[in-house]
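**Q** I'd like to go over a predicted model; first the sequence, then the structure.
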Amino acid sequence: MPFALEIVLLAGAGLVAGALNVVAGGGSFLTLPVLLFLGLPAAVANGTNRVGVLAQNVSGVWGYHRHGALDWGFALWASVPAVIGAGFGAWLALRVPDFAFTRILSFAMLGMTLWSVWKSHGRPADRKAVAARPRQAVTLIGFFFVGVYGGFIQAGVGFVILALTSATGLDLIRGNAVKVLSVLLITVLSLLIFANSGTVDWPRGLALALGNFAGGLLGVRMAVLKGHRWLERVVTATVILFALLLWFS
């Protein structure tokens with residue numbers, strides 16, 4: 001495939017993935033297979049994907065903050081164990097052979113999709129519950145393992161974070177705001193680790209980043225304007241779509 005066409009394809013995939021990730025999650029289920037399809041080794045695809053994720057979450061954090069939906073105190077507190085876990089996850093990803101990574105990715109895609117479909121049927125949490133249960137040990141532990149998974153694969157980590165934020169009492173809009181900041185900080189560290197190892201294709205990563213950044217802005221606008229119920233429907237539709245794509249792929 002001509003390089004120019006690859007850039008257009010990656011920017012388009014990044015646009016869709018950025019909107020999905022900011023609204024719900026699972027965008028890397030699209031971009032990682034695209035990078036692998038273009039012939040990048042698994043480790044390079046994994047590292048390159050982080051460039052787009054970083055751009056998308058920069059726009060996502062800015063958008064949610066601008067709309068007053070980001071609880072900075074809770075988000076930063078929860079992100080500390082996530083960043084620690086991400087360092088370990090990225091270190092581990094660089095030591096897994098390509099064939100093993102692709103198999104792990106396929107199982108993660110299937111498991112995360114089925115789990116997310118099941119979780120998406122829960123009722124919206126009461127916003128008032130946040131004050132009563134913001135700093136439980138289980139939340140710290142949960143975000144640490146979120147970081148490990150995010151550092152290792154990234155794909156689908158948003159669904160897990162939304163489950164954790166819902167458990168603390170945040171609705172999907174504020175939960176998404178916490179998610180984008182946590183994933184931003186996770187991605188900064190993991191991208192540095194991948195870049196230091198030479199496993200980032202910067203031209204393709206920047207093409208992804210362009211699409212992801214625009215998709216992040218679009219996703220925040222849609223999430224804030226449409227509200228919780230619309231988000232719940234989007235999350236459900238997204239995970240069902242990925243389940244079908246996995247089934248027939």
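**A** Great, that's in hand. Residues are numbered from 1 along each chain as shown.

**Q** Mind listing residues that contact stretch 84-95?
**A** 43, 46, 101, 143-153, 185-187, 189-190, 193-194, 197, 199 (CB atoms under 8 Å, 6 or more residues apart in numbering). Quick note: C-beta positions are derived from backbone N, CA and C, even for glycine.

**Q** For it, buried residues please.
**A** 84-87, 89-90, 93-94 (16 or more other CB atoms under 10 Å).

**Q** Pick the one among these closest to Met222.
**A** Using CB to CB, Ala86 is the member of the buried residues of stretch 84-95 that lies nearest Met222, at 27.2 Å.

**Q** Leaving out sequence neighbours, find the closest residue to that closest one.
**A** Sequence neighbours aside, Gly151 is the residue nearest to Ala86 in space, at 3.5 Å (criterion: CB to CB, 6 or more residues apart in numbering).

**Q** Go through the contacts of stretch 84-95 and flag which are in helices.
**A** With helices defined by DSSP state H, the entries of the contacts of stretch 84-95 inside them are 43, 46, 101, 143-152, 185-187, 189-190, 193-194.

**Q** just checking, what packs against the strand or helix carrying Leu217?
**A** In this structure, Leu217 sits in helix 202-226 according to DSSP states H and E. Judged by 3 or more CB pairs under 8 Å, 6 or more residues apart in numbering; DSSP states H and E, helix 202-226 is in contact with helix 3-23, helix 42-66, helix 172-196.

**Q** Now the helix or strand just after the first one: buried residues?
**A** Proceeding C-terminally, helix 3-23 gives way to helix 28-37 as the next helix or strand, assigned by DSSP H and E. Of the residues in helix 28-37, those buried under the neighbour-count criterion (16+ other CB under 10 Å) are 28-36.

**Q** Can you tell me the SS state at the residue lying closest to Leu185 once chain neighbours are set aside?
**A** Nearest non-adjacent residue to Leu185, counting by CB to CB, 6+ apart: Ser79, 4.7 Å away. Following DSSP: H, G, I helix; E, B strand; the rest coil, Ser79 is assigned to helix.

**Q** dump the residue contacts of Ser79.
**A** With CB under 8 Å, 6+ apart, Ser79 has these contacts: 143, 181-182, 185-186.

**Q** mind showing which ranges of the protein have poor pLDDT?
**A** Low-confidence segments of the chain (pLDDT under 70): 98-135, 227-249.

**Q** Find the residue at the geometric middle of it.
**A** With distances taken as CA atoms, centre = their mean, Gly158 lies nearest the centre of the chain, 4.4 Å away.

**Q** Tyr64 versus that residue, what's the distance?
**A** 13 Å (CB to CB, to the nearest Å).

**Q** For stretch 144-155, C-alpha coordinates in PDB please.
**A** Only the C-alpha atoms of stretch 144-155 are listed here, as PDB (Å, rounded to 0.1, in the frame of the first residue of the first chain):
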ATOM      1  CA  PHE A 144      -3.100  -0.300  39.700                       C
ATOM      2  CA  PHE A 145      -4.200  -3.300  37.600                       C
ATOM      3  CA  VAL A 146      -5.800  -1.000  35.100                       C
ATOM      4  CA  GLY A 147      -2.400   0.600  34.700                       C
ATOM      5  CA  VAL A 148      -0.700  -2.800  34.200                       C
ATOM      6  CA  TYR A 149      -3.200  -3.700  31.500                       C
ATOM      7  CA  GLY A 150      -3.100  -0.200  29.900                       C
ATOM      8  CA  GLY A 151       0.700  -0.300  29.800                       C
ATOM      9  CA  PHE A 152       0.700  -3.800  28.300                       C
ATOM     10  CA  ILE A 153      -2.000  -3.600  25.700                       C
ATOM     11  CA  GLN A 154      -4.100  -0.400  26.100                       C
ATOM     12  CA  ALA A 155      -7.000  -1.700  24.100                       C
END
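
**Q** I am finished for the moment; much appreciated.
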